[in-house]
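Peer 1: Starting from these lines, generate the structure:
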Amino acid sequence: MMKHAILDNHPILLQPETYHRIPAWRIAAQQGKVRCPACSSALSLKAGISFEPFFAHPPGVDCPAESADSATEWLPAVEQTAAASALEETVHTTPDEDEEKTIGSFRLPKKRTIGGSVTPPPSAPKPPVYRKRLKPKKTIQQMARSRQDVRLHPNQEKAVHTTEGPVLILAGAGSGKTRVMTARTIHLIQDHGVDPRQIMVVTFTTKAADEIRQRISRELPARQARELVAGTFHSIFYRMLLHHQPERWNPQRLLKKDWQKWRLLRESGILLGHDDLLALKENEMLEALSIISRWKNEYILPHEASNREGANDDERLAWQLYPLYESAKQKHNWFDFDDMLIGCYEMMREQPELLARYQQRLTHVMIDEFQDINKIQYEMVKLLAAPQNNLCVIGDDDQSIYGFRGSDPHYILGFTKDFPQAKSITLEVNYRSHTSIVGLSYSLIGHNRSRWEKECLTFHHEEGETYLFETEDEEEQASRIVDEILHRKEQGVSLGDCAILFRTNESARPILERMSEAGIPFHYSQEEESFYQRQTIRWTLHYLRLALNPDDTDALKEILPTLYISADLWNVVRSQAILEDEPILHTLPRLPQLKPYQRKHLQAIADILADCRHATPAQALELIYEDGKLRDYLRKRAKERENGRERWSDELQQLVSAAKRHATISDFLLYIDKMSQQEKEWRTNRPLPDEAVSILSIHRAKGLEYDHVFLPDLVEGALPHEYTLDELRKGSQAALEEERRLLYVAITRARLSLSIGIPRERFGRKTRPSRFIAEMGR
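Peer 2: Got it, this is the predicted structure:
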């Protein structure tokens, strides 16, 4: 593993003092500029997480530099020269960072940063930490070896055999709750003679219900496994509705997707006369519909919602829309998933005889993931379980992460108040994760105040790997993760055992692109709009296309709104360009309809784009954003939405971060075209699970587990999220506790290794490490 190379006829050396140069050297290596001092072969730069960075020869190249004996003649001199240069770099700012850049007649001020504040560098910066082991603050005891060969440990055994009356089973991450649920169901059928049709097992996913059935069928006749009433809340309750009210609940009338709800509102005519609602953009409408869904899960009906004082603009909008949405559904006989729960609850409550029949039929009820239950589900469960109350709820209040859709840890925390006679059992052994991973998760979650106190033991004696790695920005963070996955693969790790979990979709783009470049197959399912198809990005890219070709009519037509030119003038612009036989961009400032200040601005745009042809993509974007006033236009446009979000600003900076990896605008645009094409494949390809890395949100990862987990962007504003920090400033701790639970869920997905990334700059802004890091480790 070589630490030395040649770049632009100068020696370079990988050592802690030069690690901050890795992103630049990585790009130079991709361009074939980094060479071996011995054989002149182009080298690649490998910089992952669990290993120190090194330069590597292409496969099949036999170089004497790889042998220590043959390298002794020239290696010391190269290393000394490179080391001296590297140390000098750490003391002095390089000229290209400090000098003012001039592009044409436009000057880029030194240290100009898009979207972030300017902070002068310290005179003698400390070398950044490449990676370090993160040690948990809390030491977790190991399970006694004498108990490790037992099929069920004592508390699991107790949970299986406690079958009468209400039972609360607190099942921490990796504690074998599926095993307990399966064994408990078998015990009821086999040892107590309970008919499987009298047992209802509610899970939060169809996959979980199928897994329980499959496990039961291995020990009992398949018929009994099939007769078990098992499924999600929606599937079980909907079967009840279809049986008793089929005419009202036709599955052809189900609104499954948000866009279907939006289309119903637009096409039903229900919004006529409500001009403010008709003017809503799609994202505003969908946000209001998600709030309405949450209210319905809390069993807040339209007339009750109208009495609530909206906490923000989104809630006030939802309050207006809620009765109209319900009227549109009723008028056209549509219903949504939330209506299933409300409909079943009201059917049982309004028909006591029917409820009594179900109560006699279902003698034992078991609810999985009870921490994620919402009000309407809980009320329905209490109805069905009465009067015997053989109600067993299994969950972990530390994993309650769906507050945005109405779930509330209050129900699991208050279960023993609702059922004072309930027995509480804790499954305290984590069978999944190695010791240091368990220690980090419990060190973290212990800072939450609203939780059940639990003992925790670990089944494994191995410590496991827990890394914290810092990078220059989100792009280099993605490269480090990809290099680590390739390194693990070379060691024999299956790609299916690796997962990258993110808090928000913004973290995914650079990771997806680096994975695609490296040819690593992955699973990624996200319905959000493609990054390069977002309006802000499309406008920006059209500016770059005009810089290369001032006669690109499609590009100019697209950006007319950003130039404050109405679409009505388009034919005039095109006709004048044809008459004058000049590029369409050049004729734009000479339109007779324009006012003097408009001509001046459009001429400046033409001059800027002409100069951009000689700039790097990142420099060109800076000119377009600032001197071209695109940032000002987007800021004014965002104010109309009044939602306080500046997503457009982050999108602009993400584009700058991506552009820094390319030398010319044409290369950058070719890269984007390639990525856009490959993204279509990401969304349709389905590689085999064992042959692909999983890239998914932490919310979607709940219930899953992987040998090696990567958590990017553990910084303030990402995790905990910016919304949470706003709530904290208002004095509310609830959102912060849910973010802490979210990170707890992410950590406990890992079995063998956990790697946490901290980009020192994200979307062009300096970052601060997440407060959660100090809470859980040292």
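
Peer 1: ok, and what's touching stretch 505-525?
Peer 2: 474-475, 477-479, 481-482, 485-486, 495, 500, 502, 526, 528, 531, 650, 654, 657-658, 675, 678-679, 682-683, 685-687, 689, 691-697, 712-713, 718, 763 (C-beta atoms under 8 Å, 6 or more residues apart in numbering). For glycine as for every other residue, the C-beta is placed from the backbone atoms N, C-alpha and C.

Peer 1: repeat for stretch 769-778
Peer 2: Here stretch 769-778 makes contact (C-beta under 8 Å, 6+ apart) with 134-137, 440-441, 443-444, 447, 466, 468, 714-716, 718-720, 739-740, 743, 747, 756, 758.

Peer 1: coming back round to it: now intersect the contacts of stretch 505-525 with the strands, please.
Peer 2: 500, 502, 693-697 (DSSP state E).

Peer 1: Turn those into CSV, columns for pLDDT, distance to residue 386 and neighbour count.
Peer 2: Formatted as CSV, those follow (pLDDT from 0 to 100; distance: C-beta to C-beta, whole Å; neighbours: other C-beta atoms under 10 Å):
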residue, pLDDT, distance to residue 386, neighbour count
500, 97, 45, 28
502, 95, 43, 23
693, 95, 47, 27
694, 94, 41, 22
695, 94, 45, 23
696, 92, 39, 19
697, 92, 37, 17
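
Peer 1: Relative to residue 554, which of the residues you listed is nearest.
Peer 2: Residue 554 lies nearest to residue 695 out of these, by C-beta to C-beta, at 32.7 Å.

Peer 1: That closest one against residue 485, yeah?
Peer 2: No: using C-beta atoms under 8 Å, residue 695 is not in contact with residue 485, being 10.7 Å away.

Peer 1: In the ones in strands among the contacts of stretch 505-525, find the pair that's most separated.
Peer 2: Taking C-beta to C-beta, the two most distant members of those are 693 and 697; they sit 14.6 Å apart.

Peer 1: Apart from its chain neighbours, what residue comes closest to residue 661?
Peer 2: Leaving out its chain neighbours, the residue that sits closest to residue 661 by C-beta to C-beta, 6 or more residues apart in numbering is residue 27, at 5.5 Å.

Peer 1: Against which helices or strands is the helix or strand that contains residue 188 packed?
Peer 2: Using DSSP states H and E, residue 188 sits within helix 177-190. The contact analysis (3 or more C-beta pairs under 8 Å, 6 or more residues apart in numbering; DSSP states H and E) places helix 177-190 against helix 154-161, strand 167-171, strand 199-203, helix 206-217, strand 364-367, strand 391-395.

Peer 1: and the angle from that helix to helix 154-161?
Peer 2: 40 degrees (axes from the mean of the first three to the mean of the last three C-alpha atoms, to 10 degrees).

Peer 1: tilt between helix 177-190 and strand 391-395?
Peer 2: Using the same axes, to 10 degrees: helix 177-190 against strand 391-395 is 160 degrees.

Peer 1: Okay, buried residues for helix 177-190 please.
Peer 2: The neighbour-count check on helix 177-190 (16 or more other C-beta atoms under 10 Å) flags 177-186, 188-189 as buried.

Peer 1: Check the contact between residue 133 and residue 466; I expect there is one.
Peer 2: Yes: with contact defined as C-beta under 8 Å, residue 133 reaches residue 466; the gap is 6.3 Å.

Peer 1: who's more crowded, these two?
Peer 2: Just comparing residue 133 and residue 466: by other C-beta atoms under 10 Å the higher neighbour count belongs to residue 466, 24 against 13.
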